[in-house]
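Colleague: Just a sequence and a predicted model for now, questions to come.
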Amino acid sequence: MKLLRQSCLILAICFIGEVLNKIFNLPIPGNVLGMIILLILLSTGVVKLEKIEEISNFLLEHLAFFFIPAGVGLISCFGLIKGNLIGIIFITLISTIIIMALTGLTVQLLKKR
């Protein structure tokens, strides 16, 4: 029952983000807006971490399952991307390296603070 309550809280915040996106026609996707709202609520203490900790850990442990639909979509559209495969792999590798470097630098800067 606790997991259901926690997931309902997260889904409600995500829903609020979607509604705000539709009402104000923002260029930010509704799910990202919901995550920003959740971050603000957690930072200000309106929502305590304990209220969503178990469901968050559960979702993080099973994160790989969320990538299955994207993988299936890539496989089903392989004929469309076959001609650009080398470019896609190159861009993926370069962007992964950049993201890893920036994440490492960000963590180092935050640790110094």
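Modeller: Good, I have the coordinates.

Colleague: use CA for all of it now, contacts and neighbours both
Modeller: Fine.

Colleague: Could I get the buried residue list for the helix ranked longest in the chain?
Modeller: Using DSSP state H to define each element, the chain has its longest helix at helix 85-112. Counting neighbours by 16 or more other CA atoms under 10 Å, one finds that helix 85-112 has no buried residues.

Colleague: what's near enough to touch I98?
Modeller: With contacts defined as CA atoms under 8 Å, 6 or more residues apart in numbering, I98 has no neighbours.

Colleague: cutoff 10 Å now
Modeller: 92, 104 (CA atoms under 10 Å, 6 or more residues apart in numbering).

Colleague: how near is it to L110?
Modeller: 18 Å (CA to CA, to the nearest Å).

Colleague: How is this protein divided into domains?
Modeller: The chain breaks down by automatic domain parsing into domains covering 1-66, 77-113.

Colleague: Reformat these as a markdown table; add mean pLDDT.
Modeller: Converted to a markdown table, the domains of the chain look like this (pLDDT from 0 to 100):
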| stretch | mean pLDDT |
| --- | --- |
| domain 1-66 | 95 |
| domain 77-113 | 94 |
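
Colleague: so which of these is the most packed in?
Modeller: Ranked by mean neighbour count, those are led by domain 1-66 with a mean of 14 (mean count of other CA atoms under 10 Å).

Colleague: Quick check: end-to-end length of that domain?
Modeller: 23 Å.

Colleague: Can we start the residue count at 30 from this point?
Modeller: Sure thing, new numbering starts at 30, so read that last one as domain 30-95.
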